[in-house]
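*Asks:* Sequence unavailable; structure follows:
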Ligand SMILES: NC(=O)c1ccc[n+]([C@@H]2O[C@H](COP(=O)([O-])OP(=O)(O)OC[C@H]3O[C@@H](n4cnc5c(N)ncnc54)[C@H](OP(=O)(O)O)[C@@H]3O)[C@@H](O)[C@H]2O)c1
């Protein structure tokens, strides 16, 4: 293995990357109408809390376009990474970095900036890219009490299977459960 590859692996291990995502009971992250009227206040609260705690948030451009500027979780401090191929993308928010870098390069960049943890908040394309890169350590599923006949699945174009270990189950309200799983790296 080349020294540069070894250094990259070492840097990647220095940052813990989580996913925080709301899902229907049948594993969809968005309904066909693409209207987020099924999300509980507890999801919103937990979303803000984990973003404030990690101070490094990763999302895809589609998700960014839905939540920016008013609902960006990091308004003044920390780092907000938005994946996009649009080199002209600009934001009025000082924490936002637009990038077309690969997930491993993003992990390395965040670690170099001093971040020890980061959270991916969606969507499917972005979560799939980081899962494919084997860069995700744990996932918070906020399971909302809905079934979608069609919509957007959690992952797309992920070929391998991952085993998970349950870390915690938290009842957030009468109908919503948070499942926290660790991804087993060695299967
Ligand atoms: N349930 C939840 O908790 C939750 C949370 C967030 C979002 N969502 C839902 O998820 C949906 C959006 O998900 P999505 O999968 O369509 O989109 P996404 O992952 O948010 O964004 C996809 C876009 O990000 C850019 N991108 C992604 N990977 C890239 C890479 N490796 N390199 C360069 N650019 C990359 C591309 O933007 P360009 O085209 O600009 O290049 C791509 O079109 C929405 O319906 C939203 O409501 C749900």
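*Replies:* Arrived safely, thanks for sending. Here the structure is a predicted model, which means the values were calculated and not measured.

*Asks:* in the helix ranked longest in the chain, what counts as buried?
*Replies:* Looking across the chain with DSSP state H, the single longest helix is helix 41-54. Under the neighbour-count criterion of 16 or more other CB atoms under 10 Å, helix 41-54 has 42, 43, 46, 47, 50, 51, 54 buried. Placement of C-beta: from N, CA and C, glycine included.

*Asks:* And stretch 124-142, by the same measure?
*Replies:* Those would be 124-131, 133, 135-142, for stretch 124-142 by 16+ other CB under 10 Å.

*Asks:* How about stretch 161-181?
*Replies:* For stretch 161-181, by 16+ other CB under 10 Å, it's 172, 176, 178, 179, 180, 181.

*Asks:* Could you list the single helix or strand in the protein with the lowest mean pLDDT?
*Replies:* helix 3-13 (a mean of 49; mean pLDDT, DSSP states H and E).

*Asks:* about what we covered before: helices and strands around the longest helix of the chain, which ones?
*Replies:* strand 16-23, strand 117-120, strand 138-143 (3 or more CB pairs under 8 Å, 6 or more residues apart in numbering; DSSP states H and E).

*Asks:* Show me which residues of the chain sit near the ligand.
*Replies:* Counting by CB under 6 Å from any ligand atom, the residues of the chain close to the ligand are 21-22, 29-30, 34, 36, 59-63, 66, 83-86, 100, 121-126, 129, 152.

*Asks:* from the chain's centre, how far out does the strand or helix carrying residue 63 sit?
*Replies:* Residue 63 is located in helix 61-67, with elements delineated by DSSP states H and E. Here helix 61-67 is found 13 Å from its chain centre; the criterion is CA atoms, centre = their mean, to the nearest Å.
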